[in-house]
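1. With the sequence up front, the predicted model follows.
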Amino acid sequence: MRNAWLRAFVLACVLVLLLLLFYVAQDQSWAESCGRGHSEWMARSRCYLAPLVTWGRILPPKPTGTDAAAAPTAEPAAAPATPTAWDPDRGESVDATVKEWLGAKGKSGDDDDDYRPEANKFAGNCGRSLRGVTAADQTLKSVFRFDLPVLLWSDHITASEFERLSYYRTPYGWKGMNWTDLEEAKEALGRPEHREMFEVATRERGPTAACVRCAVVGNGGILAGSGKGEEIDAHDYVFRVNGAITAHFEKDVGTRTSFYFFSTNTLANSMAAYKHFGFQHPPWSEETRYVFVPCGHQDYYMVTAAVKGVTVSKGPNKYQSPHTYFGKKDVKKKVKMLHPDFLRYLKNNFLPSTLLQTRFKDIYRPSTGAIALLTALHTCDQVSAYGFITSNYNSFPDHYFDPVQQLVFYANHDMNFERMLWKMLRKLRVMTLYQRRNAKD
């Protein structure tokens, strides 16, 4: 009898270990931001081990409904519902989806929501804007705010703002930074282009004007073989992040990049991790704009150097040339930086993960893809998301350009929580989300 109990115990331990190894962690890639400048081995080791305490959030979602996911062709946001060919969440009601997301929320980790209000006049003027959808639903109305600055520019960098934002760590504030560095950034971020997302006077448009349609393209393996490239490029603007490889994948992911989102760490890590897949640098084109997610001091140093056309003067990227990343043509007009208030608001209102109540609170932040998608939802009229995590994520590889590597979660992001958010926003018709049954569909 004793031997039987012992064998059962050993078997249970083995099963738990196998499940942990399979489902562990929190991001689409270790290169997203776990690296933080360390070696690949150190980055992987730290982030593979980190999620062990988040076991309750790591398990894959239970299948709901029939085996049936969203239409390959995304309908316009805020448009009348259309039948879908297949939906992994078809059996789940809207109320259940909202309840799931609300139940998964943790505390924001900030003592207050001390934001600087400022009218957000991006888009929002067409008759079918998602802003109408968010205003009509009580849950969405309590979450979405359109009175905060999205982009940081020179007028925001003042002595009083420095004092206020010094309370919050990067990327949510300026804690630990010195005023001299911010003064240099203030001088650099003074052009009109740094203030405007689209650099087009959308605010003067009337209610009958055409909606600003945006495609936000993640790097998920669900896009491999999707044939969505032409549809993506047909949008007014295309947002991409990190290892945004388009060469040889044009049929599935398109060719255009209007906005490329990154931090200096995620960019460096992506260039190292995906070099053998062909990622040499971010997309270079006339329309491409580079949107900094200021996760550390080095992002302020890099944006200052990029605008001035000089090498970085300090920090871990000292002596590096911004031209390596952004090319040489009109770089000073092409860079933008997200406002710390906006980033803190996104974390507090949309993705306050329970990881913020663990020892991983200082490394957790919404993924770069989540930040790009949420930025689009605050600046565009209609948003279509491609290559983002869906409920059947384990049917696809991690990235569309790598058919081997499976999706692994890391503790610096909460991808399962992000999955719940995208599902809710899709069901509430705030945006569309590309889904399919499996890689062969």
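-> Here it is on my side, so go on.
2. what sits against residue 117?
-> Residues near residue 117 by Cβ atoms under 8 Å, 6 or more residues apart in numbering: 147-148. Where you see a C-beta, it was placed from the backbone N, CA and C, and this is true even at glycine.
3. can you tell me how far it sits from residue 403?
-> Distance, residue 117 to residue 403, by Cβ to Cβ, to the nearest Å: 47 Å.
4. could you point out which element follows the helix or strand hosting residue 302?
-> Assigned by DSSP states H and E, residue 302 belongs to helix 297-308. Downstream of helix 297-308, the next assigned helix or strand under DSSP H and E is helix 323-326.
5. Report the rounded mean pLDDT for that following helix.
-> Helix 323-326 shows an average pLDDT of 92 in the prediction.
6. can you list contacts of that helix?
-> For helix 323-326, contacts defined as Cβ under 8 Å, 6+ apart pick out 267, 281-282, 284, 290, 306, 331, 334-335.
7. about what we covered before: could I get the CA-only coordinates of the helix holding residue 302 as PDB?
-> C-alpha atoms of helix 297-308 as PDB (Å, rounded to 0.1, in the frame of the first residue of the first chain):
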ATOM      1  CA  HIS A 297      16.000  56.400 -18.900                       C
ATOM      2  CA  GLN A 298      17.700  55.100 -22.100                       C
ATOM      3  CA  ASP A 299      14.500  55.800 -24.100                       C
ATOM      4  CA  TYR A 300      14.700  59.500 -23.300                       C
ATOM      5  CA  TYR A 301      18.400  59.500 -24.200                       C
ATOM      6  CA  MET A 302      17.700  57.700 -27.500                       C
ATOM      7  CA  VAL A 303      14.800  60.000 -28.600                       C
ATOM      8  CA  THR A 304      17.000  63.100 -27.800                       C
ATOM      9  CA  ALA A 305      19.800  61.700 -29.900                       C
ATOM     10  CA  ALA A 306      17.500  60.700 -32.700                       C
ATOM     11  CA  VAL A 307      16.100  64.200 -33.000                       C
ATOM     12  CA  LYS A 308      19.500  65.900 -32.700                       C
END
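8. helices or strands up against that helix?
-> helix 179-188, helix 264-273, strand 289-292, helix 331-334, strand 335-337 (3 or more Cβ pairs under 8 Å, 6 or more residues apart in numbering; DSSP states H and E).
9. Any idea which of the ones you listed gets closest to residue 155?
-> Closest approach to residue 155 among those (Cβ to Cβ): helix 179-188, 8.7 Å.
10. May I see the buried residues of the closest one?
-> Burial within helix 179-188, assessed by neighbour count using 16 or more other Cβ atoms under 10 Å, is assigned to 181-182, 184-186, 188.
11. Just the buried ones from the contacts of helix 323-326, in PyMOL syntax?
-> Entered in PyMOL, the line below selects the buried ones among those, by 16+ other Cβ under 10 Å:
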select buried, resi 267+282+284+290+306+331+334+335
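12. sorry, back to before: okay if I get the helices and strands packed on helix 297-308 as CSV plus distance to residue 377?
-> CSV is the format used below for these (distance: least, Cβ to Cβ, whole Å):
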stretch, distance to residue 377
helix 179-188, 26
helix 264-273, 20
strand 289-292, 14
helix 331-334, 23
strand 335-337, 17
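13. okay if I get the ones you listed as a markdown table plus distance to residue 96 and mean pLDDT?
-> As requested, the helices and strands packed on helix 297-308 are exported to a markdown table (distance: least, Cβ to Cβ, whole Å; pLDDT from 0 to 100):
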| stretch | distance to residue 96 | mean pLDDT |
| --- | --- | --- |
| helix 179-188 | 45 | 94 |
| helix 264-273 | 34 | 92 |
| strand 289-292 | 34 | 97 |
| helix 331-334 | 44 | 93 |
| strand 335-337 | 38 | 97 |
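14. Would you mind telling me which of the ones you listed is nearest residue 385?
-> strand 289-292 (16.7 Å).
15. Give me the residues contacting the closest one.
-> 258-264, 282, 299, 302-303, 306, 325-326, 334-338, 372, 375.
16. Show me just the buried residues among those.
-> So, by 16+ other Cβ under 10 Å, the buried ones in the contacts of strand 289-292 are 258-264, 282, 299, 302-303, 306, 325-326, 334-338, 372, 375.
17. next helix or strand past the helix or strand of the chain with the lowest mean pLDDT?
-> Within the chain, no helix or strand scores below helix 55-58, which has a mean of 35 by mean pLDDT, DSSP states H and E. Next helix or strand after helix 55-58 toward the C-terminus (DSSP H and E): helix 94-104.
18. May I see the buried residues of stretch 239-252?
-> Going by neighbour count (16+ other Cβ under 10 Å), the buried part of stretch 239-252 is 239-246, 249, 252.
19. Same question for stretch 131-151.
-> Residues 131, 133-134, 137, 139-140, 143-146, 148-151 are the ones in stretch 131-151 that count as buried (16+ other Cβ under 10 Å).
20. Please apply the same query to stretch 401-415.
-> Within stretch 401-415, the residues scored as buried using 16+ other Cβ under 10 Å are 401-402, 407-415.
21. okay, it in CSV with CA atoms only?
-> Output of stretch 401-415 as CSV, limited to C-alpha atoms (Å, rounded to 0.1, in the frame of the first residue of the first chain):
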residue,chain,number,x,y,z
PHE,A,401,7.9,33.8,-39.0
ASP,A,402,8.9,30.9,-36.7
PRO,A,403,6.8,27.7,-37.2
VAL,A,404,8.7,25.8,-34.5
GLN,A,405,8.7,27.9,-31.3
GLN,A,406,5.5,27.6,-29.3
LEU,A,407,4.0,30.4,-27.3
VAL,A,408,5.5,30.7,-23.8
PHE,A,409,4.2,33.0,-21.1
TYR,A,410,6.6,35.1,-19.0
ALA,A,411,6.1,37.0,-15.7
ASN,A,412,6.8,40.4,-17.1
HIS,A,413,3.4,40.4,-18.9
ASP,A,414,0.1,38.7,-18.3
MET,A,415,-0.9,37.4,-21.7
